[in-house]
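Peer 1: Predicted model and sequence below, questions to follow.
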Amino acid sequence: MDVYGLIGNPVGHSLSPPMHEAGYEALDVDARYVTFEPPRDGAAAAVEGAADLGVAGLNVTIPFKQDALAAVEPDSLARRIGAVNTVDFSGDRITGHNTDAVGATRALRAHDVDLSGTAVVVGAGGAGRAVAFGLADEGMTVRVANRTESKARGLAADVRGEGTDADGAAEDATAPDGVDADATGHGLDALPELLADADVLVNATSVGMEADETPVPAGALHGDLGVLDAVYRPLETRLLRDAADAGATTVDGAWMLLYQGVAAFERWTGREAPVDAMNEALRDRL
C-alpha cells in the first residue's frame, strides 16, 4: 500500500484526505492519504522524515510552502513562484512542484474560460503568486492589483523574470517556450480601469471568507469576464454573486482546490484522476 499525505499547521481542517481517497477508491488504487502536523519550523525535517518513512508523495500547505523549497529540488515553476505544494519521492531525487498554478488554469478551462487576452489578479500573496505565474505561462497579459501597491509591482517584476532571490542573485526565470511575460502591478484603486477590457479576473485574497465582502467594485464587472474566486468557504461569495449579476462566467474556489489536488494525484500515480469522484467527495464536505 502506498501512503500519501499532507503537511501543514494546522491541518485538521483539510479537505484533501477525502478528496484523494475518493480518487484511490474510484480507481481501485491501494493507497491511503494521511495528515502530518509538524512544528512551524519543521518543514524540511518533515519532508526528510517522510522520505525516510517511505511516503510516496506529500502535499504541502500553510505555513510550509516556502520553507519546503529547501528540502527538495524544485522544478522551474515552483522555483519562480517561490513555493512548493507537492513533493514527489518517486525518483532518485526529492522533487518539488507547485500545482496551485495549474489548479487555477484548469478550473477556468473546465468552465470554458478562454485563457488569452488580459487577466487581473487581485492579491500578491502566495495564491496570487501562483495564479499570476500560471496565467502568464499561458500567454496572458497579467495585471496584479494589491492593497499594498509595492507588493503588486514586486510580483509583476518576478513574473517578468526581473526578480532576485534571497541572496540577491537573479532568479531562474525560465518560462515555457514562446512565452514573453507581460505583467504590471497596481493598487486596488486601479481595478475599474484594469477590468474595463480584461478577460479574466481572479480573487487570490481571503476577502469574502470571513465576511460578506468583496475586493472588487461591482460596477467594474462585466459580462465578458471569467471570474474565479479562490475562496471556497463560502462557495458563493459576494464577488461571485456580483459577477453573475453582471453576466460573467463564475468559478468558485472549490474548483481550484480540486484541480490542484488532481494535478498532484496524477503526478504521483501516473494515472488520469477520476475528477468527478474527487469533486463529489470534496463538495460533500463543504
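Peer 2: Looks like it came in fine. From a predicted model like this one, the values you see are computed outputs, not experimental measurements. Numbering: from 1, shown residues only.
Peer 1: Mind checking what secondary structure residue 202 has?
Peer 2: Here residue 202 is strand, with the state taken from DSSP: H, G, I helix; E, B strand; the rest coil.
Peer 1: Kindly confirm whether my reading is correct that it touches residue 134.
Peer 2: No - using Cβ atoms under 8 Å, residue 202 makes no contact with residue 134, being 9.4 Å away. The way it works is simple: take the backbone N, C-alpha and C, and place the C-beta from them, glycine included.
Peer 1: Overlap of the contact sets of those two?
Peer 2: Applying Cβ atoms under 8 Å, 6 or more residues apart in numbering, one finds that residue 202 and residue 134 are jointly contacted by residue 104.
Peer 1: For residue 22, which non-adjacent residue is spatially closest?
Peer 2: Nearest residue to residue 22, sequence neighbours excluded (Cβ to Cβ, 6 or more residues apart in numbering): residue 281, at 3.5 Å.
Peer 1: which SSE is that neighbour in?
Peer 2: helix 275-284 (DSSP states H and E).
Peer 1: Then residue 262?
Peer 2: helix 253-269.
Peer 1: So which elements touch that helix?
Peer 2: Other elements packing on helix 253-269 under the criterion 3 or more Cβ pairs under 8 Å, 6 or more residues apart in numbering; DSSP states H and E are helix 16-27, strand 57-60, strand 86-88, helix 100-110, strand 226-229, helix 275-284.
Peer 1: quick one on the thing from earlier: for the residue nearest to residue 22, give its distance to residue 128.
Peer 2: Residue 281 sits 27 Å away from residue 128, going by Cβ to Cβ, to the nearest Å.
Peer 1: residues near residue 114, how many?
Peer 2: Counted with other Cβ atoms under 10 Å, residues neighbouring residue 114 total 12.
Peer 1: Same question for residue 223.
Peer 2: By other Cβ under 10 Å, the residues close to residue 223 number 10.
Peer 1: swap in residue 98?
Peer 2: Every residue meeting other Cβ under 10 Å relative to residue 98 is counted, giving 29.
Peer 1: Pretty sure residue 144 sits against residue 128.
Peer 2: Yes - using Cβ under 8 Å, residue 144 is in contact with residue 128, at 6.7 Å.
Peer 1: Average pLDDT for the helix holding residue 281, rounded please.
Peer 2: On average, the pLDDT along helix 275-284 is 98.
Peer 1: now stretch 200-208: how far from the chain's centre is it?
Peer 2: In terms of Cα atoms, centre = their mean, to the nearest Å, the centre of stretch 200-208 is found 12 Å from the chain centre.
Peer 1: again, but for stretch 109-119
Peer 2: Computed by Cα atoms, centre = their mean, the chain-centroid distance of stretch 109-119 equals 16 Å.
Peer 1: re the thing from before, could you check the angle the helix holding residue 262 makes with helix 16-27?
Peer 2: Helix 253-269 runs at 60 degrees relative to helix 16-27, counting by axes from the mean of the first three to the mean of the last three Cα atoms, to 10 degrees.
Peer 1: Would you mark the buried spots in helix 253-269?
Peer 2: Residues of helix 253-269 classed as buried: 253-265, 267-269 (neighbour count, 16 or more other Cβ atoms under 10 Å).
Peer 1: In terms of neighbours, single out the busier of residue 144 and residue 128.
Peer 2: Per other Cβ under 10 Å, whichever of residue 144 and residue 128 has more neighbours is residue 144, with 29 against 23.
Peer 1: What strand or helix carries that one?
Peer 2: Using DSSP H and E, residue 144 falls within strand 141-146.
Peer 1: Counting by contacts, list what whichever helix or strand comes after that strand packs against.
Peer 2: Once strand 141-146 ends, the next helix or strand along the chain (criterion: DSSP H and E) is helix 149-159. Applying 3+ Cβ pairs under 8 Å, 6+ apart, one finds that helix 149-159 contacts helix 126-137, strand 141-146, strand 183-187.
Peer 1: for the record, mean pLDDT for the last one?
Peer 2: Looking back up the chat, that one is strand 183-187. So the average pLDDT for strand 183-187 ends up being 98.
Peer 1: Tell me how far it lies from the chain's centre.
Peer 2: 19 Å.
Peer 1: Tell me the strands beside it, with direction?
Peer 2: Applying DSSP bridges to the sheet, strand 183-187 is found paired with strand 141-146 (parallel).
Peer 1: Residues in contact with the strand it pairs with: which ones?
Peer 2: Strand 141-146 is contacted from outside by 117-124, 128, 132, 135-136, 152-153, 155-156, 159, 181-188, 190-191, 194, 198, using Cβ under 8 Å, 6+ apart.
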